[in-house]
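> let's see this in three dimensions:
(one chain, ligands or ions: 2)
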Amino acid sequence: MTDGRTLVAGVDSSTQSSKVVVCDADTGEVVRTSRAPHPDGTEVHPDRWWDAYVEATGDGVLDGVAALAVGGQQHGMVTLDEDDVVVREALLWNDTRSAGAARDLVDELGGVAAWVDAVGSVPVASFTVTKLRWLAEHEPDAARRVARVVLPHDWLTGRILKEGKGFERWSTDRGDASGTGYWSASTNDYRLDLLELSLGRVLEVPEVLSPAAAAGRTAGGVLVAAGTGDNMGAALGLTTTPGDVVVSLGTSGTVFTRSETPIRDESGAVAGFADATGHHLPLMCTLNAARVLGAASALLGVDLAELDRLALQARPGADGLTLLPYLDGERTPDLPDATGTLGGLTRANATPENLARAAVEGMLCNLVAGVDALRDHGVRVDRVLLIGGASASRAVRELAPGLFRAPVAVPAPGEYVGIGAARQAAWALSGAAEPPTWQAGIEAEHEVVPGSEQEQASVVARYRDLLARTHGR
Ligand SMILES: Nc1ncnc2c1ncn2[C@@H]1O[C@H](COP(=O)(O)OP(=O)(O)O)[C@@H](O)[C@H]1O
Ligand SMILES: O=C(CO)[C@@H](O)[C@H](O)COP(=O)(O)O
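Ligands and ions are numbered 1, 2, ... in the order given. Below is the predicted model:
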């Protein structure tokens, strides 16, 4: 309690950084924020997340906070031995070394339909279940030492409780559990047989808490809520209405919507995740998003603001220059070994403006597939809410409505994963049946430019054509 009001904190332990948001528990007003970077790379020792958390919460950032929760990057494999010592560095969601293991597991269970029936998703390299198979095959000594497996948000939640002398047991929530590949959002149960299929034996797994449950309480009295995956956290931090689809442009690109019922997608594009309120969060994810713009600006030797200016000076379609932005391999489409492809390059269109435009268009066209996949499953797309680091880009904001074929709203600048985690903490603290009502304002709205539909459709068609010619998809 500070100045008569109750404060709650949300931690977003994402791929590139830890962000902390302290909010008024009743209104959601953001009172303080801070952040600290994570190391680069697709395998990271969990202690580095703790270091970033300690750095970001220094200087009294958590003073007066009554409850907190952690939203974390999904899927990462954190392996612990009998004494909870980390066995090896965590393999993150964007580590593609387990792509072969994913293909093997799909075959061994009887194909994609069997996986969708079992856990609502078709596993790709991102999923924890495939990382465990990779571990068993490539590091058998380490695999033998593993006693339990948890996810990044589970681990950080447990560490906060251990340091706060309030740890009782490892726990997780429905949202994050649904990204493991061995827990089903339809039945709300683990499929330990799939864990066994992956690793050759069953491991201890965290207890799946209900949405407003507490994971524990520190000796100092701070309630630590269940926490969740970062996309589920963002969904809880945003004020959405039916017909809203969220596109997040962070390290990953994600397209998701809240749903009362699961979506069944045997193409594997849409994963059947759970949300953080007891419902569902069908979600499509790409490995490439904001960092594509970073790479393009490095290539052109300009900053992100100049990249925006250049992109907006070029004509739609970049005079025929098209980028398949698979710079870190790709997850959707399932092309883990792909690299980027620049198609249609001529002497006439080889300008900085066209390269900048192709980067923005390519990044967005990659996500158009997610918006369309949701449409194909009957999801109404009345409005796209754009969040994540690259939603600050002027070029992204202006090009997105035409390519997504929907109006785009950009919520007031904010760390929505952290805000969602803080809202979950406030919910757990209140003991109420529903989370508190917090309103996220809209900063900017962008409409589809009338008459531009044909032109935008041809940008997407050219992208799809290059994808088909390059990768046969
Ligand atoms: N104005 C901008 N234009 C394009 N990209 C941006 C802009 N501002 C930040 N970014 C990018 O956003 C990314 C960070 O986004 P964020 O959502 O915090 O990622 P994550 O949650 O995955 O760690 C970085 O790659 C950064 O370069
Ligand atoms: O793997 C997924 C979703 O399935 C990613 O969205 C991760 O959850 C990482 O998120 P960011 O760090 O990009 O926010």
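> now the strands for the stretch 51-200 of the chain?
Remark: strands assigned in the stretch 51-200 of the chain by DSSP state E, counting those that start in this stretch are 65-72, 78-80, 90-91, 148-150, 171-173, 183-184, 189-190.
> give me the contact list for whichever helix or strand Arg291 is part of.
Here Arg291, judged by DSSP states H and E, is contained in helix 290-300. Residues from elsewhere that reach helix 290-300 (Cβ atoms under 8 Å, 6 or more residues apart in numbering): 249-251, 303-304, 306-307, 310, 323, 325, 327-328, 352, 355-356, 359-360, 362-363, 388-390, 393, 396. Placement of C-beta: from N, CA and C, glycine included.
> helices of the stretch 201-350 of the chain, start to end?
Counting by DSSP state H, counting those that start in this stretch, the stretch 201-350 of the chain has these helices, from start to end: 230-237, 290-300, 304-313.
> who in the stretch 251-400 of the chain is up against ligand 2?
Proximity of the stretch 251-400 of the chain to ligand 2, by Cβ under 6 Å from any ligand atom, involves residues 251-252, 254, 285.
> which of the residues you listed fall in strands?
254, 285 (DSSP state E).
> so which of the residues of the stretch 251-400 of the chain next to ligand 2 also contact ligand 1?
Thr251.
> of the residues of the stretch 251-400 of the chain next to ligand 2, which is the most crowded?
If you count neighbours using other Cβ atoms under 10 Å, the busiest of those is Cys285, which has 27 neighbours.
> ok, now which ones touch the closest residue to it other than its chain neighbours?
Using Cβ to Cβ, 6 or more residues apart in numbering and skipping the chain neighbours, the partner closest in space to Cys285 is Thr254 (4.9 Å). With contact taken as Cβ under 8 Å, 6+ apart, Thr254 is in contact with 231, 246-248, 283-286, 370.
> of all the residues you listed, which comes closest to Val65?
Asn231 (23.9 Å; Cβ to Cβ).
> before we move on, the earlier item: convert the helix holding Arg291 to CSV, retaining C-alpha atoms only.
The C-alpha coordinates for helix 290-300 follow below in CSV (Å, rounded to 0.1, in the frame of the first residue of the first chain):
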residue,chain,number,x,y,z
ALA,A,290,11.1,-6.8,-35.1
ARG,A,291,14.6,-8.0,-35.7
VAL,A,292,14.0,-8.0,-39.5
LEU,A,293,13.7,-4.2,-39.3
GLY,A,294,16.9,-4.1,-37.2
ALA,A,295,18.7,-6.2,-39.8
ALA,A,296,17.4,-4.0,-42.7
SER,A,297,18.5,-0.8,-40.9
ALA,A,298,22.0,-2.4,-40.2
LEU,A,299,22.2,-3.3,-43.9
LEU,A,300,21.4,0.2,-45.0
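> near ligand 1, which residues of this structure are found?
14-17, 250-251, 290-291, 293-294, 304, 388-390, 392-393.
> which ones are touching the closest residue to Val302 other than its chain neighbours?
In space, and not counting its chain neighbours, Val302 is closest to Leu310: 6.9 Å by Cβ to Cβ, 6+ apart. Contact analysis of Leu310 by Cβ under 8 Å, 6+ apart lists 300, 302, 352-353, 355-357.
> how about low-confidence regions in the protein?
1-2 (pLDDT under 70).
> just the buried members of the contacts of helix 290-300?
249-251, 304, 307, 310, 323, 325, 327-328, 352, 355-356, 359-360, 362-363, 388-390, 393, 396 (16 or more other Cβ atoms under 10 Å).
> just those residues: which are in strands?
The strands, defined by DSSP E, take in 249, 323 from those.
> tell me how far Asp63 lies from Asp83.
When distance is defined by Cβ to Cβ, to the nearest Å, Asp63 is 33 Å away from Asp83.
> now stretch 263-278, how far from the chain's geometric center?
13 Å (Cα atoms, centre = their mean, to the nearest Å).
> put the alpha carbons of that stretch into CSV.
Extracted in CSV, the C-alpha atoms of stretch 263-278 (Å, rounded to 0.1, in the frame of the first residue of the first chain):
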residue,chain,number,x,y,z
ILE,A,263,-9.5,-24.1,-32.6
ARG,A,264,-8.4,-27.3,-34.3
ASP,A,265,-5.8,-26.7,-37.0
GLU,A,266,-4.1,-29.7,-38.6
SER,A,267,-2.0,-27.4,-40.8
GLY,A,268,-0.1,-26.7,-37.6
ALA,A,269,-0.1,-22.9,-38.3
VAL,A,270,-2.5,-22.1,-35.4
ALA,A,271,-1.5,-23.5,-32.1
GLY,A,272,-4.3,-24.4,-29.6
PHE,A,273,-2.9,-22.5,-26.6
ALA,A,274,-4.9,-21.6,-23.4
ASP,A,275,-5.2,-18.0,-22.2
ALA,A,276,-4.7,-16.8,-18.7
THR,A,277,-8.4,-16.5,-17.8
GLY,A,278,-9.6,-20.1,-18.2
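> which bits of the stretch 101-250 of the chain sit near ligand 2?
So far as Cβ under 6 Å from any ligand atom goes, the stretch 101-250 of the chain lies against ligand 2 at 126, 179, 229-231, 250.
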